[in-house]
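Novice: Take this sequence and fold it.
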Amino acid sequence: MTIVAARQLTKEYVAGDITVPAIRGVDFSIEAGSFVSFVGPSGSGKSTLLNMIGCLDPPTSGSLEVVGKDVAGLRSSESARFRGEHIGFIFQDFNLIPVLTVFENIEYPLIMVQNWPVRKRRQQVERLLEAVGMQDQANKYPGQISGGQKQRVAVARALVTNAKLVLADEPTANLDRDTANRIISLMKTMRDEFDTTFIFSTHDPKVVKNAEIVFALEDGLLQTESNGQGGSHV
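Specialist: Below you'll find the model as predicted:
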């Protein structure tokens, strides 16, 4: 099953009389259950592409299907609803809410987006806490746990709504090597356990090494696609 498909996808930003092309007519498709990285230098379009897939930024032109839906023309409210139902996000700075506990941070999307009943929410959060090995930290606040633990919480939060697609923007950028490797391993385990597709925007060679599909971007163009660990083709 194809979970993301783009055809002649473009994104332009307008500043006064200047039009800046960020993505220039790219075509690609991603199968469900994949572990995928978009790589390239700063300004290549990685984050822009991730934002469009995540329905945070609409395309200028072209088609974009995500989880079987054409999202290119969604209104803002429709995009927000679609994100809440289908997509999880992991960020390099964790984006945890400092005044909420670990448990409450993971629970938050179930209250704000999907409005699950209390008992069902608790069961789901406890399931994710166990999956990421954070049961004993449930009542702590983000300021009381390490960076690696914060990212474990972020992984759990991204998956708590049963999202079939998780978008991770530089998820290991603020972690040391050993912690980054453990988080990558955790995400691969979560992919297998929850049948979730992970798509990364990254500079980190550790993430790229573990990706099964690597798309290389430069100046808004898709230059190459490789099958992880080796050879590529245009």
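Novice: quick one: contacts of stretch 126-138?
Specialist: Identification of contacts with stretch 126-138 by Cβ atoms under 8 Å, 6 or more residues apart in numbering yields 101-103, 106, 145, 149, 152-153, 155-157, 159-160, 186, 190, 193. C-beta coordinates here come from the backbone N, C-alpha and C atoms, glycine included.
Novice: mind listing what Gly33 touches?
Specialist: With contact taken as Cβ under 8 Å, 6+ apart, Gly33 is in contact with 191, 195-197.
Novice: ChimeraX command for the buried members of those?
Specialist: Of those, the buried ones go into a single ChimeraX selection, burial set by 16 or more other Cβ atoms under 10 Å:
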select :191,196,197
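Novice: Most widely separated two among the contacts of Gly33?
Specialist: Asp195 and Thr197 (8.5 Å; Cβ to Cβ).
Novice: so what's in contact with those two at the same time?
Specialist: Taking Cβ under 8 Å, 6+ apart as the criterion, Asp195 and Thr197 both touch 32-33, 164.
Novice: Out of those, show me where the pLDDT dips lowest.
Specialist: Minimum pLDDT across those is recorded for Lys164, with 91.
Novice: With Ala5 as the reference, measure out to that residue.
Specialist: Noted for Lys164: a distance of 15 Å to Ala5, by Cβ to Cβ, to the nearest Å.
Novice: Over to Gln124?
Specialist: 30 Å.
Novice: between the two, which one's more packed in?
Specialist: Taking neighbours as other Cβ atoms under 10 Å, Gln124 and Ala5 compare with Gln124 leading, 20 against 17.
Novice: Within the helices and strands, which one has the more buried one?
Specialist: According to DSSP states H and E, Gln124 maps onto helix 118-131.
Novice: heading toward the C-terminus, what's the first helix or strand past that helix?
Specialist: The helix or strand immediately downstream of helix 118-131 is helix 147-159, counting by DSSP H and E.
Novice: so what does that next one touch, helix or strand wise?
Specialist: Where contact means 3 or more Cβ pairs under 8 Å, 6 or more residues apart in numbering; DSSP states H and E, helix 147-159 is packed against strand 87-91, helix 102-112, helix 118-131, strand 165-169, helix 177-194.
Novice: can you tell me which of these comes nearest to Pro21?
Specialist: So among the helices and strands packed on helix 147-159, strand 165-169 is nearest, using Cβ to Cβ, at 20.7 Å.
Novice: give the contact list for Leu9.
Specialist: Counting by Cβ under 8 Å, 6+ apart, Leu9 makes contact with 23, 25-27, 49, 52, 59, 61-64.
Novice: Can you name the residues bridging to the residue nearest to the spatial centre of the chain?
Specialist: The centre of the chain sits closest to Leu167, judged by Cα atoms, centre = their mean, with a distance of 0.9 Å. Here Leu167 sits in beta bridges with Phe89, Ile199, going by DSSP bridges.
Novice: Thanks a lot, catch you later.
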